[in-house]
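Trainee: 3D model of this:
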Amino acid sequence: MKVHGINVHGALIDKQTRCKHYDKPIDIIAIKFKCCETYYPCYKCHAEEADHQAKVWGREEFDHKAILCGKCGEELTINEYLNSNSSCSCCNASFNPGCQKHKYLYFEGNN
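Mentor: Next up, the predicted model:
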């Protein structure tokens with residue numbers, strides 16, 4: 001599905017990047033997976049569709065744009081996202097703070 005002109009893969013249920021696994025109003029980010037440079041709404045969607053294991057972004061790569069805000073379409077760097085206080089720096093939309101529990105699945109050194 002195209003979200004703000006960007007292909008997002010997975011079990012999306014709307015154009016703000018919500019998926020069948022995470023569908024609350026604040027579940028509006030997609031993550032570009034390092035292993036395939038492909039946006040997915042969550043790690044579960046990647047596991048269901050990708051034909052490979054996910055890889056985490058290394059600390060030295062945290063300046064890469066790898067987070068898509070489903071509300072405004074802004075691509076945030078990993079650092080911008082990790083330091084965002086769970087909101088988009090462009091449109092101020094709130095992100096799900098519960099995503100912080102899963103950041104170790106995407107970003108090195110975030111246990």
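Trainee: once you drop chain neighbours, what's closest to residue 24?
Mentor: In space, not counting the residues next to it along the chain, residue 24 is nearest to residue 96; the distance is 6.3 Å by Cβ to Cβ, 6 or more residues apart in numbering. To be clear about C-beta, it is placed using only N, CA and C from the backbone, and glycine gets the same treatment.
Trainee: and the strands in this structure?
Mentor: Secondary structure of the chain, counting by DSSP state E: strands at 2-3, 6-7, 29-33, 38-40, 65-69, 75-77.
Trainee: any low-confidence regions in the protein?
Mentor: When the per-residue scores of the chain are filtered using pLDDT under 70, the ranges that remain are 110-111.
Trainee: report the central residue of it.
Mentor: Taking Cα atoms, centre = their mean, the centroid of the chain lies closest to residue 31, which sits 2.3 Å from it.
Trainee: how many other residues sit next to residue 29?
Mentor: Neighbourhood size, residue 29 [other Cβ atoms under 10 Å]: 26.
Trainee: thank you, goodbye.
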